[in-house]
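**Q** Give me coordinates for this.
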Amino acid sequence: MNTPATLLSVRNLTMRFGGLTAIDDLSLEVPAGRITGIIGPNGAGKTTLFNCLTGFYKPTTGTLRLAHPTRGEMRLEALPSHRVARDAQVVRTFQNIRLFPKMTVLENLIVAQHNVLQRASKFSIAGLFKLPGYRQAEQQAIERAAMWLARLKLTHLADDAAGDLPYGIQRRIEIARALCVDPVLLCLDEPAAGLNPRESAELNELLLYLCGEMGIAILLIEHDMSVVMNVSDHIGVISYGRKIAEGTPAQVKHDPQVIKAYLGEDEEEEVTGGAAA
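**A** Residues are numbered from 1 along each chain as shown. Reported below is the predicted structural model:
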């Protein structure tokens, strides 16, 4: 199998908050058209990595180079935060669902396209008077939202208030909303959190569809190993802000440093070592 091109190259990334180092000299490759899992114990720095990638934080040092398929190389750390999603098309979901609960499912997906609609509205004038250019952009936004609802099998819920729907469905809606931005890289932060086994299996199917059929590169933070190991092509493991392992799911699963980070030192080994000393 041909080695996929690198979409995102993280080089020597460090993020400090005063005296706390949340990410420490981290380097990582994210291939195009693949699913890359990021795993590690709680507090390892995974969400901080996402916050740096998506413009919420500006790294202390390091580079984030995106090989955009149509715009060439882009330095994410140098972009203003609002341009990361708009221009670089790097979008994310959050651990905690952030839908607009009183809006319908369709409206949530339309709102996600606010950058396009804002430009078409000429910053309110064209939108206020419903000029032809704005009406066309509005119709295209509705069509794009309807397309993703259909692909994620949510069309029958389009007119329901998002906040009234089951938790697993809301997770799916949040992914659909992110997809309306036409992402080059889709960053999913704990998408399986709170899902039951059936919903986790459905999530696996969805992620494999988005990557395999739609060609969307996915960067996935997840504690549910049934999701990570079953869908990821490549996995990076972070502990205390540093990368301790990287490779295929099989390689990572049997890596001694990964086992140690998740399970701790083997007690018998520690006792033996202490006696020998």
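
**Q** And the closest residue to residue 239 other than its chain neighbours, how far from residue 196?
**A** Spatial nearest neighbour of residue 239, excluding adjacent residues (Cβ to Cβ, 6 or more residues apart in numbering): residue 261 at 4.3 Å. Bear in mind the C-beta positions are built from the backbone N, C-alpha and C, glycine included. To residue 196, residue 261 is 27 Å away according to Cβ to Cβ, to the nearest Å.

**Q** cool, residue 13 as well?
**A** In terms of Cβ to Cβ, residue 13 sits 35 Å off from residue 196.

**Q** Name the residue in the two with the higher neighbour count.
**A** Shown here are residue 13 and residue 196; by other Cβ atoms under 10 Å, residue 13 has more neighbours (25 against 11).

**Q** Quick check: bridge partners of the most centrally placed residue in the chain?
**A** Central residue of the chain (Cα atoms, centre = their mean): residue 187, 1.1 Å from the mean position. When bridges are called by DSSP bridges, residue 187 pairs up with residue 92, residue 219.

**Q** do you know how far it is from residue 217?
**A** 10 Å.

**Q** what's the answer for residue 25, then?
**A** 24 Å.

**Q** More neighbours: those two, which one.
**A** residue 217 (22 against 14).

**Q** quick one: low-confidence ranges for the stretch 101-250 of the chain?
**A** 114-134 (pLDDT under 70).

**Q** Can you give me the buried ones in stretch 98-106?
**A** Of the residues in stretch 98-106, 99, 104, 105, 106 count as buried by neighbour count, 16 or more other Cβ atoms under 10 Å.

**Q** Can you measure across that stretch, start residue to end residue?
**A** One end of stretch 98-106 sits 15 Å from the other (Cα to Cα, to the nearest Å).

**Q** Going along the chain, name the strands of the stretch 151-277 of the chain.
**A** Secondary structure of the stretch 151-277 of the chain (DSSP state E, counting those that start in this stretch): strands at 185-189, 217-221, 234-239, 242-247.

**Q** And those: which comes nearest residue 5?
**A** Among the strands of the stretch 151-277 of the chain, the nearest to residue 5 by Cβ to Cβ is strand 217-221 (10.1 Å).

**Q** Does that closest one pack against any helices or strands, and if so which?
**A** strand 6-17, strand 20-31, strand 35-39, helix 46-53, strand 185-189, helix 197-212, helix 225-231 (3 or more Cβ pairs under 8 Å, 6 or more residues apart in numbering; DSSP states H and E).

**Q** Who are the contact partners of residue 253?
**A** Counting by Cβ atoms under 8 Å, 6 or more residues apart in numbering, residue 253 makes contact with residue 229.

**Q** Identify, from the buried residues of stretch 98-106, the entry nearest to residue 228.
**A** Using Cβ to Cβ, the buried residues of stretch 98-106 come closest to residue 228 at residue 99, 24.3 Å.
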